[in-house]
Every structure is written in C-alpha cells, then in structure tokens.
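K.L.:
model the following, please.
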Amino acid sequence: MLNSNLPESELLKALLEPLLEDFNYWFERSSNLLETEEIHFLSGEAQSDLLARVKQAQQEVGAAKALFQATGGQVGIETAALMPWHKLLAECWQVSARFRSWQSAPPGK
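P.N.:
Numbering: from 1, shown residues only. Take a look at the predicted model:
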C-alpha cells in the first residue's frame, strides 16, 4: 500500500516507474508473439498492423521512461497518453488469449 504522505515526486516515482516497466514487459511479450507466431484468426495485414502499433507504443514508452529518468522522476505522463497504450495492451491480451485457447484445443474441435 502506498503511503499518501509521500512527497509528490516520490509518489509519482512509486506509481509511474512500475507502470512503465509493466508496459515495457507486456509490449515485449506481445511483440514476440506477433513476430514468431502465425495468428490464424488475423489476416497477415492485421497481424502486421498490430505489430507495427506495438512497436510504435514500445518506442513511446521508451521515450517516456527516458524522460522520466532524465528528470529524476520529476515529470509525469498525462492520462490521455497512457490510455492508448492500455487499450492496445487490452487488444494484445485478447489476441494472445484467443491464440493460446486455440493452441490448447484438441485437434478437430
């Protein structure tokens, strides 16, 4: 549980740093899946488009993280900037869950 008496910069660091790490982790996993697997329910174009959007988001998260670190945690990120990343991850999670479900289904089902 976060201490609400933390100075604003410490609170920002306690929240934003792990959030950016999570985005990095999940975008990396999504990128790996889209680069190494043929997702049968996506057209090649749709899979390429999703991968391109993930790669773009990875660059954006990397830039945000670099700025955050360069300022010693003194710069935040607008919620409006975070929401597209969150929506993209939700889309990637849905694709991944459907793909894993398809993989584990018995042949012929």
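K.L.:
below-threshold pLDDT in this structure: ranges please.
P.N.:
Applying pLDDT under 70 to the chain flags the ranges 1-7, 107-109.
K.L.:
which residues in it form strands?
P.N.:
Remark: no strands are assigned in the chain by DSSP state E.
K.L.:
longest helix in it, please.
P.N.:
As assigned by DSSP state H, the longest helix anywhere in the chain is helix 8-36.
K.L.:
give the burial count for Ser101, as a bare number.
P.N.:
Residue crowding around Ser101 was assessed by other C-beta atoms under 10 Å; the count is 9. For the C-beta atoms, the positions are set from N, CA and C on the backbone; glycine is no exception.
K.L.:
I would like the residues contacting stretch 73-88, please.
P.N.:
If you take C-beta atoms under 8 Å, 6 or more residues apart in numbering as the criterion, stretch 73-88 is touched by 9-10, 12-13, 16-17, 19, 23, 27, 53-54, 57, 60-61, 64, 67-68.
K.L.:
swap in 7 Å and give it another go.
P.N.:
Applying C-beta atoms under 7 Å, 6 or more residues apart in numbering, the external contacts of stretch 73-88 come out as 9, 12-13, 16, 23, 53-54, 57, 61, 64, 67-68.
K.L.:
lovely, talk soon.
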